[in-house]
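[1] got a predicted model here, sequence first, then my questions.
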Amino acid sequence: LVTRQSQEELLRVLSERKYTDTRGNTNEVSLVVVSMSPQPVLSLAARYKLSPDDAVKKLAGYFKSIGVDIVLDMTVAEDLCLLEAQQEFLQRYHEQQSDPTSKQLPMLSSSCPGWVCYAEKTHGNFILPYISSTKSSQQIMGALVKGEMSRRRGLAPAALYHVTLMPCYDKKLEASREDFYTELLSCHDVDCVVTAIELEQMLSNSGKSLCDVSEAELDAVWGGEAEAPGLRGHAGSGSGGFAHHVFLHAAEQLFGITDPTMVYKELRNPDFKELTLEREGQVLLRFAVANGFRNIQNLVTKLKRGKSPYHYVEVMACPSGCLNGGAQVRPSDGESGRELVSRLEAAYGALPRAQPARSHLASHIYHSLHGPGSDKVRAMLHTTYHAIQKDDIALNIKW
Ligand code: SF4
């Protein structure tokens, strides 16, 4: 994992144009594709005192200068991830209504590999039924790059070497999981993960500042783009807004309530927030956002005692979520970690807002995958989790 998921490996693949996958197959590389998630881009923008737009262009320019062929933002994968999570929640809600013993709820988000690995190792088979089957946006992006982009270009999926820019080391573990070897495509969704801090090291190793790099535009490769590529933020949290988007959709679809009041009530500490939908004094939906190990432990303890009141919980291992990921650039110039995260939260909140339900590109991709709910969508955008032995995998979480 350490070798396959390193900046050195990326540079080696760029020079040799071939790589060996986890199953020992050596593949010639026709295209190297980088997908950038917003949190590390904002971290690097803060580090080099650039605007988010300028940081995106500089990063695209940097990756192209070292030999990357295509640089993408991940908005379409984030949108599809939320749309799939919304559908999955409705399905689970109905199943729970018809069989209250079915362990469909609370649905627990699955986009944080730090949390998922912890759950698999520590709580095994008890917790798994509750964890969402929707892949994280990183893995959905991988399925799109390896599946859709290769198909459209007439290339074997394994001939695309897919790299992601991410906020934590746990995303490397996620990318390497056997669960994310898509059998339909005979390859992993993501071949290499580079973090914000590693990108800073790569620049520094070559004696460069991001400020000095020539700019390039992001690529538009899907054919259904209605707007120029670029970073987008999702309402609700800097980790992707899962609770927010699933809540809004469920309120409308299950109870006919559009535009509900969205008040996040802080409970116990700033990293545990609750969101309720009420009508005539009755709570219809109770959601939560739980960040950090302390809150996760409380959540699981309550669940085990049968005392969890929630329908859905957005669970993230890092306190303050992905903007505070373990491989984001460290604060400098006397700034505290908390102050830096506050700046990143403000920057994320100021990004143009993504609206998954109105995304032309998401509809376009769904159409290519034979529509929402199709077997192809199920195979490419969902996964399963399983209990693992404590020694099977090394956790990198900075609790
Ligand atoms: Fe990674 Fe932390 Fe985000 Fe989890 S919460 S995906 S560990 S950055």
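    Here it is on my side, so go on.

[2] hmm, Ser308 is touching Asn298, no?
    No - contact criterion CB atoms under 8 Å: Ser308 and Asn298 do not qualify, at 9.8 Å. From N, CA and C alone the C-beta is placed, and that goes for glycine too.

[3] pick out whichever of these two has more residues nearby.
    Using other CB atoms under 10 Å, the more surrounded residue of Ser308 and Asn298 is Ser308, with 20 against 16.

[4] find me the pLDDT at Tyr130, would you?
    For Tyr130, the model assigns a pLDDT of 97.

[5] got it, and the one 4 residues further on?
    At Thr134, the predicted lDDT confidence score is 97.

[6] what about the strands in the stretch 151-300 of the chain?
    For the stretch 151-300 of the chain, the strands defined by DSSP state E, counting those that start in this stretch cover 160-166, 181-182, 187-188, 192-195, 265-267, 269-279, 282-291.

[7] just checking, what packs against the helix or strand of the chain with the lowest mean pLDDT?
    Every helix and strand in the chain was compared by mean pLDDT, DSSP states H and E; the lowest is strand 181-182, with a mean of 84. On a contact count with 3 or more CB pairs under 8 Å, 6 or more residues apart in numbering; DSSP states H and E, strand 181-182 meets strand 187-188.

[8] which secondary structure elements does the strand it packs on sit against?
    If contacts are counted by 3+ CB pairs under 8 Å, 6+ apart, strand 187-188 sits against strand 181-182.

[9] can you list the strands that the strand it packs on pairs with?
    strand 187-188 (antiparallel) (DSSP bridges).

[10] give me the contact list for the strand it pairs with.
    Asp21, Thr22, Asn27, Gly142, Lys146, Pro157, Ala158, Ala175, Ser176, Phe180, Tyr181, Thr182 (CB atoms under 8 Å, 6 or more residues apart in numbering).

[11] try it again with 6 Å
    Lys146, Pro157, Ala158, Phe180, Tyr181 (CB atoms under 6 Å, 6 or more residues apart in numbering).

[12] for that strand, give the mean pLDDT please.
    The average pLDDT within strand 187-188 is 92.

[13] state the helix or strand in which Leu361 lies.
    Under the criterion of DSSP states H and E, Leu361 resides in helix 360-368.

[14] return the alpha-carbon coordinates of that helix using CSV.
    Presented in CSV, the C-alpha positions along helix 360-368 are these (Å, rounded to 0.1, in the frame of the first residue of the first chain):
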residue,chain,number,x,y,z
HIS,A,360,-27.5,18.1,-16.1
LEU,A,361,-24.3,16.2,-15.9
ALA,A,362,-25.5,13.8,-13.3
SER,A,363,-28.7,13.1,-15.4
HIS,A,364,-26.4,12.6,-18.4
ILE,A,365,-24.3,10.0,-16.5
TYR,A,366,-27.4,8.3,-15.2
HIS,A,367,-28.7,8.0,-18.7
SER,A,368,-25.4,6.4,-19.8
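
[15] what residues does the stretch 201-350 of the chain put near the ligand?
    The stretch 201-350 of the chain has residues Ser239, Met316, Ala317, Cys318, Gly321, Cys322, Gly325 near the ligand, with proximity defined as CB under 6 Å from any ligand atom.

[16] from Ile257, how far off is the residue of the chain positioned farthest from its centre?
    Going by CA atoms, centre = their mean, the residue of the chain most distant from its centre is Glu280, 36.4 Å out. Per CB to CB, to the nearest Å, Glu280 is found 12 Å from Ile257.

[17] one step back: for the helix holding Leu361, buried residues please.
    By 16 or more other CB atoms under 10 Å, the buried positions in helix 360-368 come out as Leu361, Ala362, Ser363, His364, Ile365, Tyr366, Ser368.

[18] that older thread, between the residues of the stretch 201-350 of the chain next to the ligand, which sits nearest Lys208?
    Among those, Gly325 lies closest to Lys208 (CB to CB), at 23.2 Å.

[19] if any of the contacts of strand 187-188 are buried, put those into a PyMOL selection.
    Selection of buried members from the contacts of strand 187-188 for PyMOL, criterion 16+ other CB under 10 Å:
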select buried, resi 146+157+158+180
